[in-house]
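*Asks:* 3D, please:
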Amino acid sequence: MQGNQFRITIALLVMSVLSLTVSCSKQPSLTQDEQLFHAILEGDQGGLEQICSSMAPSDLSSDFGELDQRTPLVVAVESQNVTGIGLLLDHGADPMVSSPSRMFFTGEHALPIVVCARYGYGAEVVVLAQDPSSARYSASDRERVLAELKSHQSVDDYASTHDQLVQVGFIR
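*Replies:* Okay, here's the model as predicted:
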C-alpha cells in the first residue's frame, strides 16, 4: 500500500511542476528596460552584460520611465553594484545625466557620482571618477562630491577615498 501512495505522491508532484512550467511560459516577457532594471538590482552581471550589449548608449543613460524615474547608473549606485556601474559605463551610459535618487526626498536630481558620495560609497565614486567622461565634471561638481563624502564617511574612509581620487586625477 505504501508503494502506491509513494507513486501517487510522485505523480502529483510531477503534475504540479508541469503545471507551474506551463503557467510561467504564458507570462508576458519582460521589456528590455525591465530586464536591465532587474539585472542591475539582482547583481546579474552576465545578464547585465548581455542586455547592455544590445542597447544603445542613449538608452543606458535615460530613466526607466514608468518603471522607475532613476537612470540605470543611479539604480546601480543605490544597489552598490560596482561591477554594474563599470559595465554601464563601458557600454556608454553617460555619468553626466542627472537623475532623481531615493536619497533626495525633495525630488532633486543629481549626478550619479554625487548620489554615491551622499551615500558615502567610496568605491563607487572612484569607479565613476576613473571614467574618461570625468573630465567634464565642473569644479563645483568635484567640490560637492568631496563635501558629501566628508559628511558621509568616517575620517579614515574619507582619507582613503580622497587619496584614490587624487591618484585617478579627479582631484587636481
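
*Asks:* where does the protein dip in pLDDT?
*Replies:* Counting by pLDDT under 70, the ranges of the chain that qualify are 1-28, 103-107.

*Asks:* Tell me where it has strands.
*Replies:* For the chain, strands defined by DSSP state E occupy the ranges 99-100, 109-110.

*Asks:* Deepest-packed of these, please.
*Replies:* strand 99-100 (a mean of 21; mean count of other CB atoms under 10 Å). For the C-beta atoms, the positions are set from N, CA and C on the backbone; glycine is no exception.

*Asks:* ok, residues contacting that one?
*Replies:* 63, 69, 70, 71, 73, 74, 107, 108, 109, 110, 112, 115 (CB atoms under 8 Å, 6 or more residues apart in numbering).

*Asks:* For PyMOL, write a command that selects the buried ones of those residues.
*Replies:* For anyone working in PyMOL, the buried entries among the contacts of strand 99-100, judged by 16 or more other CB atoms under 10 Å, can be selected with:
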select buried, resi 63+70+71+73+74+109+110+112+115
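
*Asks:* Among the contacts of strand 99-100, which one lies nearest to residue 147?
*Replies:* The nearest member of the contacts of strand 99-100 to residue 147, counting by CB to CB, is residue 110 at 12.7 Å.

*Asks:* Can you tell me which of the contacts of strand 99-100 is nearest residue 96?
*Replies:* Each of the contacts of strand 99-100 was scored against residue 96 by CB to CB, and residue 112 proved nearest at 8.8 Å.

*Asks:* how long is stretch 39-55 end to end?
*Replies:* Using CA to CA, to the nearest Å, the span of stretch 39-55 from its first residue to its last is 14 Å.
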